[in-house]
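Peer 1: this one's sequence-less:
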């Protein structure tokens with residue numbers, strides 16, 4: 001500090017007078033200049049030190065010892081990498097101190113070929129973050145292939161294989177348990193569309209992201225503890241697409257998301273069931289699963305309730321309100337599968353879930369369901385909904401014409417979605433497919449069994465549409481100018497297992513839905529062989545093994561015409577058919593395999609259709625109301641049987657199939673092909689429900705048969721995709 005007299009010349013003692021000369025003024029000026037310079041430098045030094053200390057305190061976790069400096073924990077599985085726990089604590093503390101909202105982000109990348117596309121998704125979502133509301137460095141759980149451009153400090157954990165949304169939700173849940181208070185909030189986002197690219201997924205992702213990251217949700221009133229673009233109470237309480245904001249004191253009450261994979265929930269929760277929110281649908285139901293949930297949503301328009309139809313475009317006008325905001329009947333969708341959507345059924349399931357998961361049946365006066373279900377019980381469904389309702393079941397009469405007869409809902413679109421999913425233009429598998437197709441001008445097809453004759457017709461039509469010529473005669477093993485199209489059952493002219501035949505031009509049609517055999521590995525090792533598969537489960541296996549550059553998804557197991565004798569088939573009305581339920585194959589549990597009829601309670605014989613003659617199978621199908629398939633490889637963990645779906649559905653019976661993992665086109669199969677998917681335990685019950693609906697005369701058309709017959713336009717398929 002310099003002397004006060006440098007602030008101005010004044011008398012120290014006002015009673016004494018002193019004469020001030022010019023030299024005195026000059027000397028005084030020089031002395032003050034020096035002291036002012038020293039004072040200024042001191043201020044600069046103090047300010048610089050303060051800034052350095054502040055920067056060190058707030059941003060210490062961005063240093064080389066930050067959250068993002070990942071280390072392999074010795075007690076963790078070898079395919080899991082975590083960030084240091086000490087730095088995680090610092091990271092959380094800094095966010096809470098700043099009173100900003102932490103975003104937990106679930107990221108999935110299938111392989112190197114998806115990097116650019118998924119990076120666009122990540123950039124699109126994180127660009128919506130508001131630095132005034134959200135901490136910009138989201139907590140990302142990375143699944144599958146690592147995305148190189150994600151900063152280290154944003155990657156909470158990388159899981160090479162075996163992870164799902166539960167990993168990210170578990171981290172979010174733990175964070176809220178450690179910060180269990182009303183004012184701390186969290187946001188859950190995920191890279192929707194990274195695994196199944198589609199326009200529908202893109203629209204829903206943008207709609208959900210805008211809501212979850214909105215200022216309206218960030219400042220939600222005390223009466224709400226979960227906020228999203230849309231909350232739907234049907235078929236179970238959920239946010240369609242599963243992106244939301246929630247208060248930590250509420251999240252801390254929820255069951256651990258790991259309870260599913262650790263099998264701490266009852267058995268029925270382990271099997272996929274979209275109606276109840278079980279299996280893979282549990283994570284979508286999770287944030288609304290507790291009886292104390294108090295949901296709010298933002299979108300006021302009534303044209304969108306749940307699923308994928310009529311998803312609003314962004315930006316949309318936001319109007320935060322307690323949810324559900326519409327009456328019960330407005331959420332009942334005609335294109336749903338056979339979910340019991342009466343108010344009694346939905347309420348019963350909800351109360352049972354509360355008791356099963358949380359051991360609670362006490363519901364507060366503020367519970368969202370009181371007014372919702374009370375209004376529903378006094379307002380039965382209007383007649384224009386065309387629904388039959390009894391104590392247990394609800395079913396639509398017919399598929400949605402606007403969707404099913406459009407290009408979007410067709411089997412052809414499913415085929416395009418499959419090949420786009422595995423082999424988008426420019427990807428390694430896309431380039432290898434083009435290479436193999438362009439090696440020769442002619443091909444020879446032999447799939448190795450008469451049961452694949454119709455598949456041979458479809459594949460031949462597809463290749464001829466691309467411009468290749470089919471040769472009828474069996475080619476010589478010494479001629480390499482013909483591309484072989486075969487399966488593992490084919491008596492090949494040049495077996496891929498023989499070294500001299502390894503580079504023979506070949507298209508290997510994969511017929512197993514649950515495994516990749518040695519012939520697939522050999523095909524991958526050849527630059528002139530491409531694998532055509534129908535199963536997403538097998539694609540996931542190929543990702544694990546590093547074979548994705550050689551595998552292309554196409555629904556080649558969907559038959560254009562059934563192998564059964566149906567050319568002159570006359571479809572009898574479902575209600576008058578003699579057989580109620582028939583099984584596609586042998587069932588180990590004999591009582592389940594009874595063929596039911598209208599005339600007797602139970603028929604005392606077990607049918608194994610695989611051992612029947614084709615004509616007998618035809619007669620059974622044409623006289624059956626419901627066709628059931630429950631084979632051991634039709635489980636949620638492996639691929640499904642498209643061949644059997646398309647075969648039996650042409651007879652008009654309603655297909656009830658055990659759930660399988662192949663998800664592309666599932667909505668079209670359900671809405672347009674009238675396929676009912678169910679877990680094994682409820683398969684017979686679901687089939688019985690459908691029989692009851694048919695007997696009431698509620699399904700009396702065959703629009704689903706017309707949809708199956710329209711099929712895939714095989715002649716144009718490759719031309720639509722390959723440039």
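Peer 2: Structure received. On a predicted model such as this, the values are computed, not experimentally measured, just so you know.
Peer 1: mind listing what the biggest strand by length in the chain pairs with, with the direction of each?
Peer 2: When the chain is parsed with DSSP state E, its longest strand is strand 102-109. Using DSSP bridges, the strands paired with strand 102-109 are strand 139-144 (parallel), strand 185-190 (parallel).
Peer 1: of these, which shows the lowest average pLDDT?
Peer 2: Least confident of these, judged by mean pLDDT, is strand 139-144 with a mean of 93.
Peer 1: identify the residues contacting that one?
Peer 2: 91, 102-111, 150, 154-161, 163-164, 167-168, 171, 175, 543 (C-beta atoms under 8 Å, 6 or more residues apart in numbering). Every residue, glycine included, has its C-beta placed from N, CA and C.
Peer 1: you'd agree residue 491 is up against residue 447?
Peer 2: No. At 11.0 Å, residue 491 does not count as touching residue 447 under the criterion of C-beta atoms under 8 Å.
Peer 1: give the buried residues for stretch 263-273.
Peer 2: Using 16 or more other C-beta atoms under 10 Å as the test for burial, stretch 263-273 gives 265, 269-273.
Peer 1: can you give me the end-to-end span of it?
Peer 2: 16 Å (C-alpha to C-alpha, to the nearest Å).
Peer 1: give the rounded mean pLDDT of it.
Peer 2: Mean predicted confidence for stretch 263-273 is 87.
Peer 1: name the residues that touch it?
Peer 2: By C-beta under 8 Å, 6+ apart, stretch 263-273 touches 255-256, 259-260, 276, 278-282, 356-357, 636, 659, 677-682.
Peer 1: would you show me how to pick out the buried ones of those residues in PyMOL?
Peer 2: Per 16+ other C-beta under 10 Å, the buried members of those correspond to this PyMOL selection:
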select buried, resi 255+256+259+260+276+278+279+280+281+282+357+636+659+677+678+679+680+682
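Peer 1: returning to that earlier point: just the closest of the buried residues of stretch 263-273 to residue 116, please.
Peer 2: residue 272 (31.2 Å; C-beta to C-beta).
Peer 1: residue nearest the centroid of this protein?
Peer 2: By C-alpha atoms, centre = their mean, the chain has its centre lying nearest to residue 192, at 6.5 Å.
Peer 1: wait, doesn't it sit right on residue 240?
Peer 2: No. In this structure, residue 192 is not within contact of residue 240 by C-beta under 8 Å, at 10.7 Å.
Peer 1: residues shared between the contacts of the two?
Peer 2: 204, 208.
Peer 1: gap between the two ends of stretch 158-169?
Peer 2: OK, stretch 158-169 end separation, C-alpha to C-alpha: 14 Å.
Peer 1: number of nearby residues for the closest residue to residue 198 other than its chain neighbours?
Peer 2: In space, and not counting its chain neighbours, residue 198 is closest to residue 417: 6.3 Å by C-beta to C-beta, 6 or more residues apart in numbering. Residues near residue 417, counting by other C-beta atoms under 10 Å, number 19.
Peer 1: for residue 171, same thing?
Peer 2: 19.
Peer 1: that older thread, buried subset of the contacts of strand 139-144?
Peer 2: Among these, the ones that count as buried by 16+ other C-beta under 10 Å are 91, 102-111, 150, 154-160, 163-164, 167-168, 171, 175, 543.
Peer 1: nearest to residue 128, of the buried residues of stretch 263-273?
Peer 2: residue 272 (30.9 Å).
Peer 1: surely residue 659 is in contact with residue 676?
Peer 2: No. Residue 659 is not in contact with residue 676 according to C-beta under 8 Å; the separation is 10.0 Å.
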